[in-house]
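In: Quick one, structure for this:
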Amino acid sequence: LCVPSDQALREKVMTEAHSSPFTIHPGSTKMYKNLKQYFWRNDMKQDVATFVSKCMTCQQVKIEHQRASGLLQPLEIPMWKWDEISIDFVTGLPTTQKRHDAIWVVVDRLTKSAYFLPIRKNYNISKLAKIFRQEIVRLHGNPTFIVSDRDPRFTSRFWKGLQKAWGTRLKFSTSFHPQTDGQSERTIQTLEDMLRACALEEMGNWDEYLCLVEFAYNNSWHASIKAAPFELLYGRKCRVPICWKEVGERLIKDPELIEITNEKVAVAKEKLKEARSRQKSYADKHRR
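Out: Sure thing, here's the model as predicted:
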């Protein structure tokens, strides 16, 4: 769709793409990638960058990231979707009416699709195991590997025994190289930015709109895989309110769907290999 040179209309489109509950303040690159799928106009990339740079909410919630010590230790690329996952917690959040004060982040290492689960930071491992079974295993089965830090709950005999019984192996980041699990670390940083943006706009208790944050994250373009996690996971684009036309309505026959899905996974693996190489080179260069 070609956008005319009507400044008011352009501002409305960019505001909807940046500040709506279904997008929640993406960066300029993600916002441009999302918009260009449906709209075209001259200098759109520069206009988007300017628009985002002037967003007061984004300026207030931007996180500064200091250089980490040690060289990056990348993990192997998983063989299939939700075969290997990363898990971690976002803590230090205000307590909601439902008494949630933390978020459990669960990320598929191949497609980068993620779940943001509202929890209480004092949940014991038995409670977390039940949530994991209900929210993750129910939808994706048991993963082959789980990558996490050395939180006492994840190193407990109960958690280790449970995962062993389920046929899942555990990988822990070391104290010397905590960035081994850099994917969930970066996801948490993104999540914290988005949550702060929501909180600043007084959208109520954060656990009430956490589903929108999850939706926005999974349907945003990611540089490392050159696509949105939703598209790689399901083999098609997700219909979102900003798409003011029908998207992905054609019926896909099963053989074609399988072929498309396999192609998406193959592309994801290649993009992740390229991104891993770039990430390691950049990270090692900028670590002390």
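
In: can you give me the helices in the protein?
Out: Using DSSP state H, the helices of the chain run over residues 7-19, 28-35, 44-53, 56-61, 125-132, 138-140, 157-165, 182-200, 210-218, 229-234, 254-285.

In: Compare the mean pLDDT across these and name the weakest.
Out: With a mean of 57, helix 254-285 has the lowest mean pLDDT of the helices of the chain.

In: Which residue, other than its chain neighbours, is closest to Arg109?
Out: Nearest residue to Arg109, sequence neighbours excluded (Cβ to Cβ, 6 or more residues apart in numbering): Glu84, at 4.6 Å. Quick note: C-beta positions are derived from backbone N, CA and C, even for glycine.

In: Test for you: state the pLDDT assigned to that neighbour.
Out: 90.

In: That one: how many residues sit nearby?
Out: A total of 23 residues lie near Glu84 under the criterion other Cβ atoms under 10 Å.

In: Please tell me how far it sits from Ala223.
Out: Distance, Glu84 to Ala223, using Cβ to Cβ, to the nearest Å: 20 Å.

In: CA atoms of stretch 76-91 as CSV?
Out: Provided in CSV are the C-alpha atoms of stretch 76-91 (Å, rounded to 0.1, in the frame of the first residue of the first chain):
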residue,chain,number,x,y,z
GLU,A,76,25.3,-25.2,19.0
ILE,A,77,22.3,-24.5,16.6
PRO,A,78,19.4,-26.7,17.6
MET,A,79,18.1,-29.3,15.2
TRP,A,80,14.4,-28.4,15.4
LYS,A,81,11.9,-26.0,16.9
TRP,A,82,11.5,-26.2,20.7
ASP,A,83,14.2,-28.9,20.9
GLU,A,84,16.4,-26.6,23.0
ILE,A,85,15.2,-23.8,25.2
SER,A,86,16.6,-21.1,27.4
ILE,A,87,14.9,-20.1,30.6
ASP,A,88,15.4,-17.2,33.1
PHE,A,89,13.6,-14.8,35.4
VAL,A,90,12.8,-11.1,35.3
THR,A,91,12.5,-9.9,38.9
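
In: Could you check how many residues crowd around Ile225?
Out: By other Cβ under 10 Å, 22 other residues sit near Ile225.

In: Likewise for Lys121?
Out: Other residues close to Lys121 by other Cβ under 10 Å number 15.

In: same thing with Arg109?
Out: Applying other Cβ under 10 Å, we find 23 residues neighbouring Arg109.

In: right, and it touches Lys81 too?
Out: No: if you go by Cβ atoms under 8 Å, Arg109 and Lys81 don't touch, sitting 9.6 Å apart.

In: follow-up on the earlier one: dump the residue contacts of the residue nearest to Arg109.
Out: Counting by Cβ atoms under 8 Å, 6 or more residues apart in numbering, Glu84 touches Leu75, Pro78, Asp108, Arg109, Leu110, Pro143, Thr144, Phe145, Ile146, Val147.

In: Report the separation between it and Ile119.
Out: 22 Å.

In: repeat for Leu210
Out: To Ile119, Leu210 is 11 Å away according to Cβ to Cβ.

In: and what of Met14?
Out: Relative to Ile119, and taking Cβ to Cβ, Met14 is found at 35 Å.

In: burial measure for Gly141, as a count.
Out: Gly141: 11 neighbours (other Cβ under 10 Å).

In: Let me know whether it touches Trp82 as I believe.
Out: Yes: between Gly141 and Trp82 there is a contact under Cβ under 8 Å: 7.2 Å.
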